[in-house]
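1. coordinates only, sequence not included:
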């Protein structure tokens, strides 16, 4: 659907030039929910604005279904954008807001009404059609903004952190709602967020960005379970990082040795695998507590934090590293461990990931 080929964007003005995008290339597929994920200032919104036409790339090419987009102004592109602020007209009704863009395109009145009715049904706002947008909730306003953007039936919908202003529960509900809308309309969604959980919940694929570059692209499970480098592993969820000796690499597997002397089979880095000191990433939920004898990792239990659904165990390993382990709680479970206990950490084969430096 969209091909971004070696796009660079440099902002100039007062002070030194700032490179917001650095030779970015990515292909976004038709009917895909694609997410640009990264910290503030990583370039994700700039890339979205380049696709929308609000920013021109310093160099590089952007095509949609093989057609050059760079030469087209924003209003000529088959692309619509939903912003953080929603930008609704408070003096208009819900239905009038949804139909406004269609009326500006001089669509026939019958077509406008039919489309507005379809969009109201799609976002489940039919009963609110005659209410002013200043009289409805934030979550309802977000649905109206989505309906207005979807009404012209764009080929691509760009969403710039549209859930950031919602409270936690409503944001969770709207994550499911957005995925439903994308599936039902078949429109390609490109979603920008710094929220890892949003990205994992909704996306078909995720591009993790940092300092103007795409660091890794993959499905949610690939990004979470197989991070390519330390930044990706650290940014997506909680991770334990341990320095180990990489002794051998065979295909997608590798053998590492801990400071305890114990060896373990783990996943090899994506590329550039060499023996010697490397960083191993282990997710807290992929390990479990065990007796110290014979465990690959041993240490002292320093803290126990109860979170309702699970409990976090903070361990100081014999080698001095800190390790956090997460176990799901069960009904009527009693606390079998105490602070100060000597414990072992069991790490199953192939759950650790050697990271690319």
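-> Structure received. All values reported here derive from a predicted model rather than from experimental measurement.
2. tell me the secondary structure for residue 39?
-> Secondary structure, DSSP: H, G, I helix; E, B strand; the rest coil: residue 39 is coil.
3. ok, and the closest non-adjacent residue to it?
-> Leaving aside its chain neighbours, residue 39 sits nearest to residue 194 (5.9 Å; criterion: Cβ to Cβ, 6 or more residues apart in numbering). Yep, even glycine has a C-beta here, placed from its N, CA and C like the rest.
4. how many residues are close by that neighbour?
-> 19 (other Cβ atoms under 10 Å).
5. quick check: it touching residue 40?
-> Yes - shown here, residue 194 and residue 40 form a contact pair, counting by Cβ atoms under 8 Å, at 6.3 Å.
6. sorry, back to before: so how far is residue 163 from the residue nearest to residue 39?
-> Residue 194 is 11 Å from residue 163, where distance means Cβ to Cβ, to the nearest Å.
7. can you check residue 57 too?
-> Remark: distance between residue 57 and residue 163 (Cβ to Cβ) = 27 Å.
8. could you do residue 294 as well?
-> 47 Å.
9. comparing these two, which shows the higher neighbour count?
-> For residue 294 versus residue 163, neighbours defined as other Cβ under 10 Å are more numerous around residue 163 (23 against 10).
10. SS state for the residue lying closest to the more buried one once chain neighbours are set aside?
-> In this structure, residue 163 finds its nearest non-sequential neighbour in residue 171, 4.8 Å apart by Cβ to Cβ, 6+ apart. Under three-state DSSP, residue 171 falls in the helix class.
11. the chain should start at 58 in everything you say after this.
-> Right, with 58 as the first residue, what we last looked at is residue 228.
12. can you read off the pLDDT for residue 228?
-> Turning to residue 228, the model gives it a pLDDT of 82.
13. domain map for the protein?
-> Annotated domains of the chain cover 59-282, 295-411 [automatic domain parsing].
14. mind checking which of these is nearest residue 288?
-> The closest of those to residue 288 is domain 59-282. By Cβ to Cβ, the value is 5.5 Å.
15. endpoint to endpoint, the closest one covers what distance?
-> 27 Å (Cα to Cα, to the nearest Å).
16. check stretch 207-226 too.
-> 24 Å.
17. ok, the residue lying closest to residue 340 once chain neighbours are set aside to residue 343 distance?
-> Among residues not flanking residue 340 along the chain, residue 296 sits closest, at 6.1 Å (Cβ to Cβ, 6+ apart). From residue 296 across to residue 343, the span is 10 Å (Cβ to Cβ).
18. related to what we said a few turns ago, with residue 195 as the reference, measure out to the residue nearest to residue 220.
-> Distance, residue 228 to residue 195, by Cβ to Cβ: 10 Å.
19. neighbour count winner among those two?
-> The residue with more neighbours, out of residue 228 and residue 195, is residue 228; 18 against 13, by other Cβ under 10 Å.
20. so, low pLDDT: which residues of the stretch 308-414 of the chain?
-> Within the stretch 308-414 of the chain, the ranges that satisfy pLDDT under 70 run 329-330, 390-392, 414.
21. for it, what spans make up the strands?
-> Using DSSP state E, counting those that start in this stretch, the strands of the stretch 308-414 of the chain run over 310-314, 320-324, 333-339, 345-347, 354-363, 367-374, 379-385, 399-403, 410-411.
22. now do the stretch 108-257 of the chain
-> 116-121, 124-125, 136-139, 213-217, 245-250.
23. just put these in JSON lines and tack on mean neighbour count.
-> As requested, the strands of the stretch 108-257 of the chain are arranged in JSON lines below (neighbours: other Cβ atoms under 10 Å):
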{"stretch": "strand 116-121", "mean neighbour count": "16"}
{"stretch": "strand 124-125", "mean neighbour count": "10"}
{"stretch": "strand 136-139", "mean neighbour count": "22"}
{"stretch": "strand 213-217", "mean neighbour count": "24"}
{"stretch": "strand 245-250", "mean neighbour count": "24"}
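24. among those, which is nearest residue 355?
-> Ranking the strands of the stretch 108-257 of the chain by proximity to residue 355 (Cβ to Cβ) places strand 245-250 first, at 39.1 Å.
25. quick one: strands adjacent to the closest one?
-> Partners of strand 245-250 in the sheet, by DSSP bridges, are strand 90-94 (parallel), strand 213-217 (parallel).
26. among the ones you listed, which is nearest residue 155?
-> Here strand 213-217 is closest among those (Cβ to Cβ), at 14.4 Å.
27. tell me the confidence at the residue nearest to residue 96?
-> 92.
28. and it, how far from residue 234?
-> 20 Å.
29. just residue 407 next, same as before
-> Distance from residue 407 to residue 234, counting by Cβ to Cβ: 36 Å.
30. likewise residue 180?
-> Residue 180 sits 8 Å away from residue 234, going by Cβ to Cβ.
31. over to residue 367?
-> Distance, residue 367 to residue 234, by Cβ to Cβ: 27 Å.
32. higher neighbour count, these two?
-> Between residue 367 and residue 234, residue 234 has the larger neighbour count (other Cβ under 10 Å), namely 19 against 13.
33. so what's the more buried one closest to, chain neighbours aside?
-> Of all residues not flanking residue 234 in the chain, residue 200 sits nearest, at 7.5 Å (Cβ to Cβ, 6+ apart).
34. what about the helices in the protein?
-> 101-109, 151-161, 166-179, 195-207, 225-242, 253-259, 277-282, 287-292 (DSSP state H).
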